[in-house]
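*Asks:* can't give you the sequence, but here's the structure:
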């Protein structure tokens with residue numbers, strides 16, 4: 001049996017790059033992440049991973065190979081995986097907090 005409750009307060013922040021940090025829980029082939037992007041964050045490369053999530057706080061724009069979509073507090077995010085949906089995010093406010101559910 002897996003873990004039912006994920007207590008992000010007890011987890012350490014991981015800092016994979018400048019202006020971004022996250023806490024992640026992996027279970028049964030899925031990953032739940034709490035991600036914080038700081039002002040100045042711009043994704044350096046196209047991301048082709050799929051993401052499902054919810055913007056807890058802040059505003060960001062995501063470039064989908066020339067088409068830009070702005071996501072704000074309270075918006076849901078549903079980005080399918082693959083080349084057709086490649087994307088790059090840019091933070092528009094001081095910070096963006098988002099919950100993401102992804103394949104592990």
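*Replies:* Perfect, I can see it now. Predicted model, so just to flag it, every value in this text is computed and none were measured.

*Asks:* What ranges in this protein fall below the confidence cut-off?
*Replies:* Filtered on pLDDT under 70, the chain yields the residue ranges 1-2.

*Asks:* That one: strands as residue ranges?
*Replies:* Counting by DSSP state E, residue ranges of the strands within the chain are 14-17, 20-27, 30-38, 51-57, 59-64, 67-72, 76-79, 88-91, 95-103.

*Asks:* of those, which approaches residue 6 most closely?
*Replies:* Residue 6 lies closest, by Cβ to Cβ, to one member of those: strand 20-27, at 4.5 Å. In this view, the C-beta of every residue, glycine as well, is placed from N, C-alpha and C.

*Asks:* okay, the angle between the closest one and strand 30-38?
*Replies:* For strand 20-27 against strand 30-38, the angle by axes from the mean of the first three to the mean of the last three Cα atoms, to 10 degrees is 170 degrees.

*Asks:* Mind giving me the packing neighbours of strand 20-27?
*Replies:* The contact analysis (3 or more Cβ pairs under 8 Å, 6 or more residues apart in numbering; DSSP states H and E) places strand 20-27 against strand 14-17, strand 30-38.

*Asks:* Need the residues that contact it.
*Replies:* Contact with strand 20-27 is made by 2-3, 6, 8, 11-16, 31-38, 41, 104, as judged by Cβ atoms under 8 Å, 6 or more residues apart in numbering.

*Asks:* one more time with 10 Å
*Replies:* 2-16, 31-38, 40-41, 43, 89, 91, 96, 98, 100, 102-104 (Cβ atoms under 10 Å, 6 or more residues apart in numbering).

*Asks:* again with stretch 91-99
*Replies:* Contacts for stretch 91-99 (Cβ under 10 Å, 6+ apart): 8, 19-20, 22, 32-43, 51-61, 70-73, 75, 77, 89-90.

*Asks:* Could I get the buried residue list for that stretch?
*Replies:* 91, 96, 98 (16 or more other Cβ atoms under 10 Å).

*Asks:* and that stretch, how far from the chain's centre?
*Replies:* Mean C-alpha position of stretch 91-99 versus that of the full chain (Cα atoms, centre = their mean, to the nearest Å) differs by 9 Å.

*Asks:* and if you look at stretch 40-50?
*Replies:* With Cα atoms, centre = their mean, you get 10 Å for stretch 40-50.
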